[in-house]
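Q: I need the structure of the sequence given here:
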Amino acid sequence: NSRGAASLLKDTIPVTELSASGPFEGHDLLRRGFTSVKNELMPSHPLELSEKNFQLNQDKTNFDTLRNIQGLHAPLKLQMELRAVKQVQRLPFLHSSSIALDTLRGNDECIGFEDILNDPSQSEVMGEPHMMMEYKLGLL
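A: Residues are numbered from 1 along each chain as shown. Now for the predicted structure:
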């Protein structure tokens, strides 16, 4: 009977092959959230695109100014530090404050919209920690 059980195990289909992929794949609500047609449309206002890229434009201006004042090495060093600080994060199911990134950009003493209305304890997105960690590691 043990031989029969082994042959049954060989004939089973792995779970990964059962998942749909390609153009007919279903939307995974647990990992990606609800879909919205609004996100797929063009910006509704001319300034919306500018506001989305505000931090990128601000960094570029600061790097150009720093290069003109101190030379080529200063923005390169700052970009290297920013890249290193962006990689440090908490586990996917915990909120990361990114205080080091705010300090490097000079935003640590500023109070903005996201500081008041972006409270992670009131977030609607919460998932199971084990599933989120397996997804981040590529096990799912």
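
Q: Report the buried residues of the lengthiest helix in the chain.
A: Scanning the chain for the helix with the most residues, using DSSP state H, yields helix 54-70. Within helix 54-70, the residues scored as buried using 16 or more other Cβ atoms under 10 Å are 63, 66. (C-beta placed from N, C-alpha, C; glycine too.)

Q: What average pLDDT does that helix get?
A: Computed over helix 54-70, the mean pLDDT rounds to 93.

Q: Now do that helix: distance to the chain's middle.
A: The chain centre lies 24 Å from the centre of helix 54-70; the measure is Cα atoms, centre = their mean, to the nearest Å.

Q: For burial, what's the neighbour tally of the residue nearest to residue 30 when sequence neighbours are not counted?
A: The shortest distance from residue 30 to any non-neighbouring residue, by Cβ to Cβ, 6 or more residues apart in numbering, is to residue 127 (6.6 Å). Using other Cβ atoms under 10 Å, residue 127 has 13 neighbouring residues.

Q: what's the answer for residue 73, then?
A: When neighbours are counted by other Cβ under 10 Å, residue 73 registers 10.

Q: residues in contact with it?
A: Contact analysis of residue 73 by Cβ atoms under 8 Å, 6 or more residues apart in numbering lists nothing.

Q: Fine by me, thanks again.
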